[in-house]
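Chemist: Task: produce atomic coordinates for the following.
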Amino acid sequence: MTDALTMIDWTSIEAALDAEGWAVLPGLLTTENCAALVAGYDNDARFRATITMARHGFGRGEYRYFAYPLPPQVAALRSGLYRWLAPIANRWHARMAIDQRFPPTHDAFLDQCHAAGQRRPTPLLLRYGPGDYNCLHQDLYGDYVFPLQVAVLLSQPGAEFSGGEFVLTEQRPRMQSRAAVVPLMQGDAVIFAVSQRPVQGSRGSYRVTMRHGVSKISEGRRHTLGIIFHDAH
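Modeler: Residues are numbered from 1 along each chain as shown. Next comes the predicted model:
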């Protein structure tokens, strides 16, 4: 996984994140990687909590938070991506005049989260069936928030499900909301802003609020891996 991440054009990814608040990593996981993660969804020993979305008004569908220790593939993906994203996150915070800075390794960042009482792992698997959807939201779990997160599509559009597009909205001050539909194939990952991102204006950078969700599944079953870098209270 580490070798695959070094082959990515991170300069282009950073430029896309600055311009749009999201960027796609094509083919981050193989078909076999995706199938293995999906096959583990029903293994209760892997997870600390299961959320039925309709009970909480989050939409329809279900997701499960992994327990520590994370599966090796998920742990490697989380720490490996963090290494490349931390410099971008630090630059974003500087532009948004946010004092918090992020250490170069994910282990060091988790130490900060855990010292602040955020000890519960947040990587998750999501499962949607026909008629399911995920309302627009932000994944905020405490005072320590890493400003970027990653979602990996584990199912094949058109073959395993239809509908279920990944959707982002952006709210700029004194402007109407802007929506983006991110095209993904099986194994593709999207990096996106958790809550806010900086945008360059005529008088310097200002903050833009973003939310994400998933449109209604028409048929089939859709699975996603979510990688959130901060832990939860």
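Chemist: Low-confidence stretches in the chain?
Modeler: In the predicted model of the chain, residues 1-2 satisfy pLDDT under 70.
Chemist: Tell me which residue is most central in it.
Modeler: Nearest residue to the geometric centre of the chain (Cα atoms, centre = their mean): Val150, 2.9 Å.
Chemist: So in that sheet, which strands flank the helix or strand that contains it, and in what orientation?
Modeler: Using DSSP states H and E, Val150 falls within strand 148-153. Here strand 148-153 is paired, per DSSP bridges, with strand 189-193 (antiparallel), strand 222-227 (antiparallel).
Chemist: what angle do the helix or strand that the first one is followed by and strand 148-153 make?
Modeler: Meaning strand 189-193. Once the chain leaves strand 189-193, the next helix or strand it forms, by DSSP H and E, is strand 196-201. If you take axes from the mean of the first three to the mean of the last three Cα atoms, to 10 degrees, strand 196-201 sits at 110 degrees to strand 148-153.
Chemist: Please save the CA atoms from strand 196-201 in CSV.
Modeler: Written as CSV, here are the backbone C-alpha positions of strand 196-201 (Å, rounded to 0.1, in the frame of the first residue of the first chain):
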residue,chain,number,x,y,z
GLN,A,196,-14.4,23.6,5.9
ARG,A,197,-11.7,24.4,3.4
PRO,A,198,-9.9,27.6,2.4
VAL,A,199,-10.8,29.5,-0.8
GLN,A,200,-8.8,32.4,-2.1
GLY,A,201,-10.7,35.7,-2.4
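Chemist: buried stuff in stretch 216-229?
Modeler: Buried residues in stretch 216-229, counted by 16 or more other Cβ atoms under 10 Å: 217, 220-229. For glycine as for every other residue, the C-beta is placed from the backbone atoms N, C-alpha and C.
Chemist: Would you reformat those residues as CSV and include distance to Ser155?
Modeler: Below are the buried residues of stretch 216-229 laid out as CSV (distance: Cβ to Cβ, whole Å):
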residue, distance to Ser155
Ile217, 10
Gly220, 8
Arg221, 7
Arg222, 5
His223, 5
Thr224, 8
Leu225, 11
Gly226, 14
Ile227, 17
Ile228, 20
Phe229, 23
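Chemist: Kindly format the C-alpha coordinates of the strand holding Val150 as PDB.
Modeler: The C-alpha trace of strand 148-153 is given here as PDB (Å, rounded to 0.1, in the frame of the first residue of the first chain):
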ATOM      1  CA  LEU A 148      -9.600  15.800   5.100                       C
ATOM      2  CA  GLN A 149     -11.100  12.300   4.900                       C
ATOM      3  CA  VAL A 150     -11.300   9.500   2.300                       C
ATOM      4  CA  ALA A 151     -14.100   7.300   1.000                       C
ATOM      5  CA  VAL A 152     -13.300   4.200  -1.200                       C
ATOM      6  CA  LEU A 153     -16.100   2.700  -3.400                       C
END
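Chemist: That one: what's the following helix or strand?
Modeler: Next helix or strand after strand 148-153 toward the C-terminus (DSSP H and E): strand 161-163.
Chemist: which residues touch the helix or strand immediately after that following strand in the chain?
Modeler: Using DSSP H and E, the helix or strand that follows strand 161-163 in sequence is strand 166-171. Here strand 166-171 makes contact (Cβ atoms under 8 Å, 6 or more residues apart in numbering) with 21-22, 136, 151, 153, 177-182, 184, 190, 192, 208-215.
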